Structure formats: structure tokens, C-alpha cells
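Trainee: Sequence first, predicted model second:
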Amino acid sequence: MVQCRACRLVYVSPRANTFEKGYEDSESAVGYFVEKEVRDFHPRGPYHRIATKIARLRPRASVLDVGAGTGTFLEVLERHGLEGTGVEISRACVRYGVAVRGRRLFQGSIERTQDLLPSSFDVATVIQTLEHVGDPVGTLRAVRRYLKPDGLLYVDVPNYDFVLSRIERILRSNLTKHWDPTAHLYYFTARTLALIAEAAGYRLVDVLTPAPAVLHRVGWESVGRFADVLFTSVGSGRIVQMFAAA
């Protein structure tokens with residue numbers, strides 16, 4: 001891995017993205033998403049917190065989820081009065097999401113899909129996906145094509161500045177599984193994710209590095225909100241969350 005001297009973005013070099021092709025044809029991806037559905041549907045889990053924010057900002061919005069897996073987040077969106085459509089590379093995930101769960105999913109990448117109408121969505125979400133793609137700026141530009149002129153983008157990615165990741169880099173460990181150069185091609189901070197979005201033509205609205213999800217699942221809601229402020233103030237939460245305007 002190398003780091004750009006100008007913008008400080010960390011990335012794998014050379015970036016031969018063999019992961020995408022293997023993932024597209026893999027049958028095992030379904031099991032991964034089905035296994036994590038329990039925590040994804042948790043009422044205090046990340047998916048519900050994201051959907052709550054979107055519903056507050058854009059009530060009854062049409063939402064395009066890029067890298068949708070089996071479409072779990074689409075179901076969460078519906079529970080919040082939002083209309084979800086997903087694009088997913090994995091053929092097996094799309095088959096399962098459509099046939100078993102009845103979700104609105106299309107197979108393919110956002111750059112090559114022909115199943116969507118331009119300028120037709122109020123909101124686009126890219127959740128734990130941008131770190132896998134070969135050209136993050138190109139991907140976000142492709143997403144922007146399907147947003148309405150006043151559309152809103154939400155992205156979250158693993159945080160390179162996560163406090164435990166910093167410790168692991170010193171200890172040369174990987175207990176948090178943040179390091180996987182075969183699948184994660186880019187490693188973002190709050191600053192570098194904002195720069196990527198601006199390069200793709202977006203206007204930054206907000207960027208956060210919230211507290212780990214476990215602090216939201218236990219205790220009072222006010223504890224979770226306080227922890228989010230604390231982690232964001234030092235940029236050391238496990239993930240980076242960003243809202244940007246098209």
C-alpha cells in the first residue's frame with residue numbers, strides 16, 4: 001500500500017481489481033449477507049440509523065443503493081417510508097434478493113447498468129462499497145448521473161484513522177479486519193473521502209466518524225449521540241460517514 005503525498009489518500013498499488021470479477025460470479029456472497037441480516041435489522045443498528053437520517057432529510061424519498069448485496073438495506077428503507085432500489089454486482093445476491101425476499105434489485109455495476117433512468121432518484125447510498133472499486137471518483141460520477149439535480153449522496157467506508165487501526169499499524173496486526181488489499185483497494189479518512197466526492201462533482205454537506213455501533217446498541221440513546229460527537233471530534237470512529245449534494 002502507498003499514500004499519495006499530495007492528498008494523503010492510501011491505496012493499493014498496483015490496483016489490479018480481480019476481486020470484482022471473482023465476487024460477481026461467487027455463490028458464497030449470499031451467505032455473508034444472510035448471516036449479517038440479524039444485526040442489519042437491529043433497531044439500533046447502522047442501517048436503521050442511516051435510514052432515519054435519510055427519512056428526516058428527505059421524507060418519502062426514492063433511494064438508489066449501490067452495492068446493495070441481497071437488498072437488506074432496501075427493506076430497512078421501506079420500514080422508514082422510503083422507496084428503495086438496488087444495484088449489485090453479485091449475480092447470486094441479486095437472484096436471492098429478488099426471488100426469496102422480493103426486493104427491487106438489478107445486477108451489474110453502476111458504471112455499466114442500463115436498468116435505471118438518469119436523474120430519477122432523490123438519494124443515493126454507497127455503503128461499505130467504495131473501498132472495493134478501482135476508480136472511486138469514476139464510481140461517484142456514475143452515481144451522480146442517476147440523482148436528481150437536488151439529489152443527496154450518502155457514503156460510508158472503513159476509516160483509516162480508526163483508533164484501533166492506528167494501534168494495529170504500529171503492532172503490525174489485523175484483528176479488526178480493516179486491512180485486506182485483495183478486496184479493499186482504497187483506505188479513506190474523513191478528509192480524503194471528502195476530496196474524492198468533491199472531485200466527482202459533489203458539494204460536501206457533512207462528514208462524521210461516529211462511535212462504534214456497539215455503543216448505540218447498549219445504554220441510552222443520549223450515550224450513543226455523545227459518543228458520536230466525541231469520536232467525530234478526533235476523527236477516530238470505525239467508519240467515515242458522508243452526506244454530499246449532487
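Mentor: Looks like it came in fine.
Trainee: With residue 233 as the reference, measure out to the one residue sitting closest to the centre of the chain.
Mentor: Centroid-nearest residue in the chain: residue 127, 1.5 Å away (criterion: Cα atoms, centre = their mean). For residue 127, the distance to residue 233 equals 23 Å [Cβ to Cβ, to the nearest Å]. Just so you know, the C-beta spots here come from the backbone N, C-alpha and C atoms, and that holds for glycine as well.
Trainee: any idea how far the lengthiest helix in the chain is from the chain center?
Mentor: Counting residues, the longest helix found in the chain (DSSP state H) is helix 221-234. From the chain centre to the centre of helix 221-234 is a distance of 20 Å (Cα atoms, centre = their mean, to the nearest Å).
Trainee: Residue 88 versus residue 29, what's the distance?
Mentor: Relative to residue 88, residue 29 is positioned 9 Å away (Cβ to Cβ).
Trainee: that older thread, which residues does the residue nearest to the centre of the chain contact?
Mentor: By Cβ atoms under 8 Å, 6 or more residues apart in numbering, the contact list for residue 127 reads 50, 65, 67, 73, 154, 155, 156.
Trainee: what's the answer for residue 196, then?
Mentor: Shown in contact with residue 196 (Cβ under 8 Å, 6+ apart): 9, 130, 136, 137, 140, 188.
Trainee: Can you give me the buried ones in the helix or strand residue 34 falls within?
Mentor: Per DSSP states H and E, residue 34 falls inside helix 29-35. By 16 or more other Cβ atoms under 10 Å, the buried positions in helix 29-35 come out as 29, 30, 33, 34.
Trainee: who does that helix touch, helix- and strand-wise?
Mentor: Here helix 29-35 touches helix 91-99, going by 3 or more Cβ pairs under 8 Å, 6 or more residues apart in numbering; DSSP states H and E.
Trainee: How about residues contacting the helix or strand following the helix it packs on?
Mentor: Sequence order places strand 105-107 as the next helix or strand after helix 91-99, per DSSP H and E. Contacts of strand 105-107 with the rest of the structure, by Cβ under 8 Å, 6+ apart, involve 68, 70-71, 74, 85-91, 93-94, 97-98, 113, 115-116.
Trainee: List the pairing partners of the next helix or strand after strand 105-107 within its sheet, with orientation.
Mentor: For strand 105-107, the following helix or strand on the C-terminal side (DSSP H and E) is strand 121-127. Looking at strand 121-127 with DSSP bridges, its partner strands are strand 62-66 (parallel), strand 147-158 (parallel).
Trainee: Let me see the mean pLDDT of the helix or strand just after the shortest one.
Mentor: If I follow you right, that is strand 62-66. Sequence-wise, the next helix or strand downstream of strand 62-66 (DSSP H and E) is helix 72-79. In this model, helix 72-79 has a mean pLDDT of 96.
Trainee: elements contacting helix 72-79?
Mentor: Secondary-structure packing of helix 72-79 (3+ Cβ pairs under 8 Å, 6+ apart): helix 37-40, helix 46-57, strand 62-66, strand 83-88.
Trainee: Residue 202: which of these is closest?
Mentor: For residue 202, the closest of the helices and strands packed on helix 72-79 is strand 62-66, at 14.0 Å, according to Cβ to Cβ.
Trainee: Of all the helices and strands in the protein, which has the lowest average confidence?
Mentor: Across the helices and strands of the chain, mean pLDDT, DSSP states H and E gives its lowest value to helix 214-217, namely a mean of 64.
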